[in-house]
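# Okay, here's the prediction I keep looking at, along with the sequence it came from:
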Amino acid sequence: MIKAFRLAIKNLFANPARTGLTTLGIIIGIATVILVLSAGAGFRSLINAQLEAYGTNTLFVETRVPPTTKNRGAGAFSNDSSRANSPVAITSLKTSDLEDIKRLPNVQNNYGLVVGQKVVSYRGVEKNVLFYGASADRFDIDKGTLKAGRFYTMAEETGGDQVIILGGDLANDLFGQDDPIDKLVRVGNLNFTVIGVYNLRGSLGNGEDDSLFMPLNTAQKKVLGIDHLLFAIVQVQDTKLAQATADDIRWVLRQNHNITDPDKDDFFVQTQADTLNTFNTIFNGITILLIAIAAISLIVGGVGIMNIMYVVVTERTAEIGLKKALGAKSADILNEFLMEAVLVTVIGGIFGILFGAFLAWVISLIANSANMQWTFSVPFYAILLGVGVSAVIGIGFGVLPARSAAKLDPVEAMRYE
């Protein structure tokens, strides 16, 4: 085997251009696999960072349209058939629900949210942005920090004060280098006083850098004209009991909303684990699809190696006959050509790993330049997979040409021209 290895190295380097072109398909296929798995690890780190930004000890409550309401179409409105396909607004989630939820044993705190969209303007600069109305309890749960100013207080929320906190990008767009604190900004038809500016959060903020926050009561009564909530964030004391707490929250909301059939819930409660599981399910499906595409490239590369090896066998037929005439066994010829095929794929696998890791590193640089918490890593199992797959392809696609060479009759082979 050592001799076969040396001969294989000599033969491969005797024609480097052909060797390089032969390995190209393997390099592309392995690089794609490494890129997918490495980028997947980076994307998971991004998702984990986003979940941690909201706190790993939080649950998410959101209103939803129950199936029976979806099927009623225009029944949620009047008999006006033109509104049959209009969205149904769920108005059952109230602040009183959060007060009842806060009394549950494992609940530490919570806050409600409403969302809207308005044109924000300051001295001729206008921008259409999302605004969030949130309870002051949000600042005890959320991990966002202020670049300047302060958070609004519970007294300001109760009084419906017209104060806002700007996202970092929105503050830059409206004020540039000027200090926005205590300035009046028009939101829709109302004037608000800027009391704070968030530090930039990048991807962790889910667009909050370009949004603004105001007291919940102000958003409900003065801006939107509603008395219900769209979302709620619940902070738990013991994350190990998060699922049990989610069940308790469902029980409370069903009691408050007079729901006896869980299939007719007008809300859903999701733990961070549920969110991560949903993401993993989707991402694993995408990963399998991309690896399947890469597998096609690997198969094409393997077929290319097999074809080249057949060409090599044809070119060296006379040499094979001479070796067998001098005492070489069929197993020796088989090992020599099989070793060449394996070496070609392993070399391609190594370069594919390096190339794939380089591309993954470039992606991490681009992601981090966009303020994403993207961690560059090449999982060890990805390297093992790359080397293992390339070796298997070398053996699988190299064995037929190698056997063909080993079976040559020495007399006939020596006569071959």
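Cool, the structure landed. Just so we're clear, the structure is a prediction, and the values are computed from it rather than from any experiment.

# what ranges do the helices span in the stretch 201-350 of the chain?
216-218, 242-256, 272-315, 317-325, 330-369 (DSSP state H, counting those that start in this stretch).

# hey, which of those helices is tucked in deepest?
Burial among those, expressed as mean neighbours by mean count of other Cβ atoms under 10 Å, is greatest for helix 216-218, which shows a mean of 22. C-beta coordinates here come from the backbone N, C-alpha and C atoms, glycine included.

# now the helices of the stretch 201-350 of the chain as JSON lines including mean pLDDT and distance to D173?
Formatted as JSON lines, the helices of the stretch 201-350 of the chain follow (pLDDT from 0 to 100; distance: least, Cβ to Cβ, whole Å):
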{"stretch": "helix 216-218", "mean pLDDT": "96", "distance to D173": "22"}
{"stretch": "helix 242-256", "mean pLDDT": "93", "distance to D173": "38"}
{"stretch": "helix 272-315", "mean pLDDT": "78", "distance to D173": "31"}
{"stretch": "helix 317-325", "mean pLDDT": "75", "distance to D173": "74"}
{"stretch": "helix 330-369", "mean pLDDT": "84", "distance to D173": "20"}
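
# D209 is nearest to which of the ones you listed?
For the helices of the stretch 201-350 of the chain, the distance to D209 is smallest for helix 330-369, at 15.2 Å, taking Cβ to Cβ.

# ok, then the element right after the closest one?
The helix or strand immediately downstream of helix 330-369 is helix 380-406, counting by DSSP states H and E.

# what sits up against stretch 274-286?
40, 43-44, 47-48, 51, 60 (Cβ atoms under 8 Å, 6 or more residues apart in numbering).

# Helix 242-256 and the longest strand along the chain, what's the angle between them?
The longest strand of the chain (DSSP state E) is strand 107-122. Angle, strand 107-122 to helix 242-256, by axes from the mean of the first three to the mean of the last three Cα atoms, to 10 degrees: 80 degrees.

# Neighbouring strands - and their directions - for strand 107-122?
strand 125-134 (antiparallel), strand 184-187 (antiparallel), strand 231-236 (antiparallel) (DSSP bridges).

# Give me whichever of those is most buried.
The most buried stretch of these, if neighbours are counted by mean count of other Cβ under 10 Å, is strand 231-236, with a mean of 22.

# Run the chain-centre distance for stretch 279-297.
12 Å (Cα atoms, centre = their mean, to the nearest Å).

# same thing with stretch 213-229?
Counting by Cα atoms, centre = their mean, stretch 213-229 comes out at 33 Å from the chain centroid.

# Please apply the same query to stretch 260-268.
On Cα atoms, centre = their mean, the centre of stretch 260-268 falls 30 Å from that of its chain.

# just stretch 182-196 next, same as before
36 Å.

# how about the helices of the stretch 201-350 of the chain in TSV, adding distance to L166?
Listed next are the helices of the stretch 201-350 of the chain as TSV, based on distance: least, Cβ to Cβ, whole Å:
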stretch	distance to L166
helix 216-218	15
helix 242-256	32
helix 272-315	28
helix 317-325	78
helix 330-369	24
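
# To R6, which of these lies closest?
helix 330-369 (9.3 Å).

# list the helices and strands that closest one packs on?
Secondary-structure packing of helix 330-369 (3 or more Cβ pairs under 8 Å, 6 or more residues apart in numbering; DSSP states H and E): helix 2-14, helix 16-54, helix 272-315, helix 317-325, helix 380-406.

# and those as TSV, adding distance to F151?
Output for the helices and strands packed on helix 330-369, formatted as TSV (distance: least, Cβ to Cβ, whole Å):
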stretch	distance to F151
helix 2-14	67
helix 16-54	17
helix 272-315	24
helix 317-325	82
helix 380-406	44
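
# List just the one of these that sits closest to T193.
Of all these, helix 16-54 comes closest under Cβ to Cβ, at 27.2 Å.
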